[in-house]
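**Student:** mind folding the following:
(chains A and B)
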Amino acid sequence: GAVVSQHPSRVICKSGTSVKIECRSLDFQATTMFWYRQFPKQSLMLMATSNEGSKATYEQGVEKDKFLINHASLTLSTLTVTSAHPEDSSFYICSARENNYGYTFGSGTRLTVV
Amino acid sequence: GNSVTQMEGPVTLSEEAFLTINCTYTATGYPSLFWYVQYPGEGLQLLLKATKADDKGSNKGFEATYRKETTSFHLEKGSVQVSDSAVYFCALSNAGNMLTFGGGTRLMVKP
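**Tutor:** Numbering: from 1, shown residues only, chains lettered A, B, ... in the order given. Next up is the predicted model:
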């Protein structure tokens, strides 16, 4: 089946620093990947749609300068949280769509900003 | 626009009890419907799906039937196990576009 690898699984960073999260499709090419944010005990909130070779499409209310998305190849999308603050602490999940298997999700990244 | 509504949790059951988690949706056209499961600290895993009316998705003892007349996709399992404890998300996708999720339902199964 289609596999999406996301790492790191956990990261702790200091306020004001930047953190990069990687999302890789291991056995298929993904022209589109999706980045979600999940608050404790809540559903997934779509942050942006990452398109290979072009700019990401951000959902309303998501700061594109704070959450930088790069989709430089058909198998890799990255989300960089810039100048992180404690309120950015959350669980971030990526997803990719594969023609035969539909949407496949990464295992998530728990970001804690201290 | 598209929306998914599912019953709020937590749902607490004893082992071997019958499970139903309700899910209804609003969408134009003929969406595909999904149930995803999220175990603690992990991402989402596809549990089952149905792509057209009257289809029944099934996996690991879980079932859900695509009911267009009631715009529902309720999740059922005849006998739950402790290992089924997780959060379950109902979702839809319209014309291959992005997923729209329900709010999630936490299931806790006690031995």
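**Student:** count of neighbours near residue 97?
**Tutor:** This is for chain A. For residue A:97, the count of nearby residues is 21 (other Cβ atoms under 10 Å in any protein chain shown). C-beta here means a position set from N, CA and C on the backbone, and glycine is covered the same way.
**Student:** my question was about chain B, not that one.
**Tutor:** Look at residue B:97: counted by other Cβ under 10 Å, it has 13 neighbours.
**Student:** how close does it sit to residue A:84?
**Tutor:** 30 Å (Cβ to Cβ, to the nearest Å).
**Student:** not counting sequence-adjacent ones, nearest residue to residue B:16?
**Tutor:** For residue B:16, ignoring the flanking residues on the chain, the nearest one in space by Cβ to Cβ, 6 or more residues apart in numbering or on different chains is residue B:79 at 4.7 Å.
**Student:** SS state for that neighbour?
**Tutor:** Recorded secondary structure, residue B:79: coil (DSSP: H, G, I helix; E, B strand; the rest coil).
**Student:** wait, isn't it in contact with residue B:60?
**Tutor:** No. Using Cβ atoms under 8 Å, residue B:79 makes no contact with residue B:60, being 11.6 Å away.
**Student:** coming back round to it: quick one, what contacts the residue nearest to residue B:16?
**Tutor:** Counting by Cβ atoms under 8 Å, 6 or more residues apart in numbering or on different chains, residue B:79 makes contact with B:16-18, B:61.
**Student:** of those, closest to residue B:91?
**Tutor:** residue B:61 (20.1 Å; Cβ to Cβ).
**Student:** you'd agree that closest one is up against residue B:78?
**Tutor:** Yes. Contact criterion Cβ under 8 Å: residue B:61 and residue B:78 qualify, at 6.7 Å.
**Student:** thinking again about what came up before, pLDDT score for the residue nearest to residue B:16?
**Tutor:** Per-residue confidence (pLDDT) for residue B:79: 97.
**Student:** where in chain A is pLDDT low?
**Tutor:** A:100-101 (pLDDT under 70).
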